[in-house]
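Q: Predicted model, plus sequence, below.
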Amino acid sequence: MERISHQVHRTPLKQSSTLNAFTGGEVYLKMENLQRTGSFKVRGAMNKIMSLSEEEAGRGIIAASAGNHAQGVALAAAKRGIPSKIFMPKRTPSTKVAATKHYGAEIVLTGDTYQEAYGAALEEKIKKGSTYVHAFDDHKVMAGQGTVALEMLQQLSDLDMILVPVGGGGLLAGMALAVKAFNPRVQIVGVQALGAPATYNFFTGSNKGSLEHVHTIADGILVKKPGELTFPIIRKYVDDMVTVTDEEISYSIMFMLQREKTLVEGAGAASLAAAMCQKVKVQGKKVGCVISGGNADPSKIPVYRDLSKMARQLHHIV
């Protein structure tokens, strides 16, 4: 934590009286959408890149990302004066691409999913010999992400449960390790989009293969396969996993926009969706929801609004 403490923000852990009344619990929002680069991803990228040897740093950085990791890597590389080249899916929101370029990275748009961008980045790594910074499947990256949990426990030591959005599992694995080391009583629950449930499938044993087709508005957690390093940690330390639909995610995005005056992205709203749409029992509990990012594409607000209406009809929510 000391390695990155001066490079990242200590984000707020805030309550909403409206949300508490709605859920019947005490729900605390860990506002990583207010983090540098707009997401928690900078924590892991910064921890990894600041720990590189001079020889590793001298080879330059290559990464693949659906958007948020890209910004974290670009910023961290700029801090060390290292050139970075980042492969991103073609469908990455333009706001994330523009922000990554702003931090100084060279961008290559390729493929339709993270996995395809990842494959192209690995080919480039082999060709150029650059140092690869994985979006989630790396112990130093996981350790950096785990600082979210350490902050939450410092801010509120008697949490009963923490809900964590899941893509490849770096945030969930890092937070689970941190929480179980300091307060094993706290339940850790992963939340994945129903349209991209690879880690959920592995966790429940329903499907151990890579998904062929994935689709969700939560582009930050749009992956086809969990990490080889992250999943054993998740299996050992995570208490449960649930999925949420795009309609439920959109409802949570619109709730945050209308009631909290904050625009969050799909992945960032996933944990809140699990609490609001009763995917986990939060009544009478102190529950932390990681709002993992705020880099939403404003052009998609009409889509979020329409899907939110569907969610209200499905769940009879106000």
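A: Right, received. Where do you want to start? All values reported here derive from a predicted model rather than from experimental measurement.
Q: hey, let's count contacts and neighbours off CA atoms from now on
A: OK.
Q: Residue 163 contacts residue 186, doesn't it?
A: No - counting by Cα atoms under 8 Å, residue 163 sits too far from residue 186 to count as a contact (10.6 Å).
Q: In terms of neighbours, single out the busier of these two.
A: residue 163 (27 against 20; other Cα atoms under 10 Å).
Q: any idea how far residue 260 is from residue 53?
A: Plainly put, residue 260 is 43 Å away from residue 53 if you go by Cα to Cα, to the nearest Å.
Q: and what of residue 288?
A: In this view, residue 288 and residue 53 are 36 Å apart by Cα to Cα.
Q: Tell me which of the two has more neighbours.
A: Looking at residue 288 and residue 53 with other Cα under 10 Å, you find the greater number of neighbours at residue 288, namely 29 against 9.
Q: I'd assumed residue 158 was in contact with that one.
A: No - using Cα under 8 Å, residue 288 is not in contact with residue 158, being 10.4 Å away.
Q: Tell me which stretches of the stretch 51-200 of the chain form helices.
A: For the stretch 51-200 of the chain, the helices defined by DSSP state H, counting those that start in this stretch occupy 54-58, 68-80, 94-102, 114-128, 139-155, 170-182, 198-204.
Q: Just send those helices back as CSV, with distance to residue 33 too.
A: CSV is the format used below for these (distance: least, Cα to Cα, whole Å):
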stretch, distance to residue 33
helix 54-58, 28
helix 68-80, 11
helix 94-102, 13
helix 114-128, 21
helix 139-155, 12
helix 170-182, 14
helix 198-204, 23
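Q: could you redo the ones you listed as TSV and give each row mean neighbour count, mean pLDDT and distance to residue 218?
A: As requested, those are exported to TSV (neighbours: other Cα atoms under 10 Å; pLDDT from 0 to 100; distance: least, Cα to Cα, whole Å):
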stretch	mean neighbour count	mean pLDDT	distance to residue 218
helix 54-58	13	95	32
helix 68-80	25	96	12
helix 94-102	18	90	13
helix 114-128	18	92	12
helix 139-155	22	97	19
helix 170-182	24	97	15
helix 198-204	22	95	14
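Q: Apart from its neighbours in sequence, what residue is nearest residue 162?
A: Spatial nearest neighbour of residue 162, chain neighbours left out: residue 288 (4.5 Å); criterion: Cα to Cα, 6 or more residues apart in numbering.
Q: distance of the one you found from residue 220?
A: Residue 288 sits at a distance of 20 Å from residue 220 (criterion: Cα to Cα).
Q: Kindly report the same for residue 49.
A: Residue 49 is 21 Å from residue 220, by Cα to Cα.
Q: Which element, helix or strand, includes residue 228?
A: According to DSSP states H and E, residue 228 maps onto no helix or strand at all.
Q: Now for the protein, the helix or strand with the poorest mean pLDDT.
A: Lowest by mean pLDDT, DSSP states H and E among the helices and strands of the chain is helix 301-315, with a mean of 83.
Q: Excluding chain neighbours, what is closest to residue 107?
A: Counting by Cα to Cα, 6+ apart, residue 86 is the residue found nearest to residue 107 once chain neighbours are left out, at 5.1 Å.
Q: residues touching the nearest residue to residue 39 once chain neighbours are set aside, list them.
A: Spatial nearest neighbour of residue 39, excluding adjacent residues (Cα to Cα, 6+ apart): residue 293 at 4.1 Å. Neighbouring residues of residue 293 by Cα atoms under 8 Å, 6 or more residues apart in numbering: 31-35, 38-40, 68, 264-265, 267-268.
Q: gap between residue 293 and residue 184?
A: Relative to residue 184, residue 293 is positioned 26 Å away (criterion: Cα to Cα).
Q: now do residue 203
A: 19 Å.
Q: try residue 206
A: From residue 206 across to residue 184, the span is 27 Å (Cα to Cα).
Q: go on, residue 173?
A: Remark: distance between residue 173 and residue 184 (Cα to Cα) = 14 Å.
Q: I'd like to know how many residues surround residue 232.
A: The local packing of residue 232 (other Cα under 10 Å) involves 13 other residues.
Q: Let me know the pLDDT of it.
A: Predicted confidence (pLDDT) for residue 232: 96.
Q: For it, grab phi and psi.
A: Dihedral pair for residue 232: phi -60, psi -30, per degrees, to the nearest 10.
Q: Distance of it relative to residue 121?
A: With the distance defined as Cα to Cα, residue 232 ends up 25 Å from residue 121.
Q: In contact with the spatially closest residue to residue 226 that is not a sequence neighbour: list those residues for me.
A: Leaving aside its chain neighbours, residue 226 sits nearest to residue 168 (4.4 Å; criterion: Cα to Cα, 6+ apart). By Cα under 8 Å, 6+ apart, the contact set of residue 168 is 136, 137, 199, 221, 223, 225, 226, 227, 230.
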